[in-house]
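Engineer: heads up, no residue letters with this:
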């Protein structure tokens, strides 16, 4: 067991970053990184944008080539599925019958796409996007498509919608709620992006669910909504959120609640097991309770923190959550995750020109900031939230007031 080292299950952004950060932090024992996909660890954000537009290829989204892992003494195991965790004996069992011991186990199992009831992966032209394999299939389908239906108006669906529309494809988006990105952004930002997408030629069907996917001879021909409207298409992309991969943790008896429950140190109920990234539900003062965040930056921040903790640091994880989405050349950056708690929203900048920020306040306290093509606002917002700076709605609304001066009172 003394040579067992750290075993990481999941070779996505969080798992990859942790393995690299452990070596950067001086960890000398064994590091094993296990991924169930056959591809070298890669970035996911470009898959819905640059990869679909043809601006980048698979080798450009790959983090590193194989020699890098060999040089850093990271044992990379690809195409391997972990079936069981034996917490008492501290080992895991893989699908090919092998066992690997661990001194510390890290679950970076990520999430998988939520699918429509009756999903049939054999239907030609009915696709989803999560993996590099999915991205290849989607790009091939896009190249021969004239009409596309996207189910779900979240970040990923809208990113792909913009790419498809700019390539001359007729795009319709079906969304169950009353606006796009409804669970993630404020109404003013949602409305601004709706106008932007409509200017690209994207049409929306809100407050509509999908009654059935229509097919002919095994190929998709459209989607019928719950109000009886048939949206014709030769490509249907389903993007209705994700489900955290918690089955391994649950079977091992770890606590589960909207993800694998961890504490401020990203430790599970078993001190020998930690979890991070899309699969982990962690406490955050910025979310006013436990949250599970699906973002690259959260994965990177948590991985770097956990590497420090596992090499001797014991302070708790407390990074400001932040996100971004590039939709047809308009960039959205979000600091904080509590905009849904805001009882007052203040706008700053040029809303009509798509260069503005929305500041969300709850009982007078700044809780989140959404910035549209205003990167300086975003950077300042992260600092303001981290410092609990006493910004007032009146100050945020005053375009002549420099919000950075508020930081001086708390630093």
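Structural biologist: Thanks, I have the structure now. Here the structure is a predicted model, which is why all the values come from computation and not from measurement.

Engineer: for the stretch 201-350 of the chain, which spans come out with low pLDDT?
Structural biologist: 314 (pLDDT under 70).

Engineer: and if we set it to 90?
Structural biologist: Low-confidence segments of the stretch 201-350 of the chain, defined by pLDDT under 90: 285-290, 313-319, 337-341.

Engineer: for residue 147, name its beta-bridge partners.
Structural biologist: Residues in a beta bridge with residue 147, per DSSP bridges, are residue 170.

Engineer: isn't it up against residue 169?
Structural biologist: Yes: between residue 147 and residue 169 there is a contact under C-beta atoms under 8 Å: 6.8 Å. Any C-beta I mention is one placed from the backbone N, CA and C, and that applies to glycine too.

Engineer: now do the shared contacts for the two.
Structural biologist: residue 235 (C-beta atoms under 8 Å, 6 or more residues apart in numbering).

Engineer: domains of the protein?
Structural biologist: Following automatic domain parsing, the chain resolves into domains at 6-112+243-309, 115-240, 338-408.

Engineer: report the separation between residue 307 and residue 298.
Structural biologist: Remark: distance between residue 307 and residue 298 (C-beta to C-beta, to the nearest Å) = 15 Å.

Engineer: neighbour count: these two, which is higher?
Structural biologist: For residue 307 versus residue 298, the count of surrounding residues by other C-beta atoms under 10 Å is larger for residue 298: 26 against 23.

Engineer: for the stretch 301-411 of the chain, which segments count as helices?
Structural biologist: Taking DSSP state H, counting those that start in this stretch as the test, the helices found in the stretch 301-411 of the chain are 375-386, 393-397, 404-408.

Engineer: among those, which comes closest to residue 31?
Structural biologist: Among the helices of the stretch 301-411 of the chain, the nearest to residue 31 by C-beta to C-beta is helix 375-386 (30.4 Å).

Engineer: how distant is the closest one from the center of its chain?
Structural biologist: 20 Å (C-alpha atoms, centre = their mean, to the nearest Å).

Engineer: that one: which residues count as buried?
Structural biologist: Under the neighbour-count criterion of 16 or more other C-beta atoms under 10 Å, helix 375-386 has 377, 378, 380, 381, 382, 383, 384, 385 buried.

Engineer: one step back: and the domains of the chain as CSV, adding distance to residue 327?
Structural biologist: CSV is the format used below for those (distance: least, C-beta to C-beta, whole Å):
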stretch, distance to residue 327
domain 6-112+243-309, 9
domain 115-240, 5
domain 338-408, 10
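
Engineer: pretty sure residue 307 contacts residue 16?
Structural biologist: No: the criterion here is C-beta under 8 Å, and residue 307 misses it with residue 16 at 11.8 Å.

Engineer: closest one to residue 140 out of the buried residues of helix 375-386, please.
Structural biologist: Among the buried residues of helix 375-386, and counting by C-beta to C-beta, the member closest to residue 140 is residue 378, at 35.2 Å.

Engineer: model confidence score at that closest one, please.
Structural biologist: If you check residue 378, the pLDDT there is 96.

Engineer: sketch out the low-pLDDT regions of the stretch 1-150 of the chain for me.
Structural biologist: Along the stretch 1-150 of the chain, the model assigns pLDDT under 90 to residues 1-4, 117-118, 121.

Engineer: for the helix or strand harbouring residue 281, packing partners?
Structural biologist: Per DSSP states H and E, residue 281 falls inside strand 280-284. Other helices and strands packing on strand 280-284, by 3 or more C-beta pairs under 8 Å, 6 or more residues apart in numbering; DSSP states H and E, are strand 260-261, strand 289-291.
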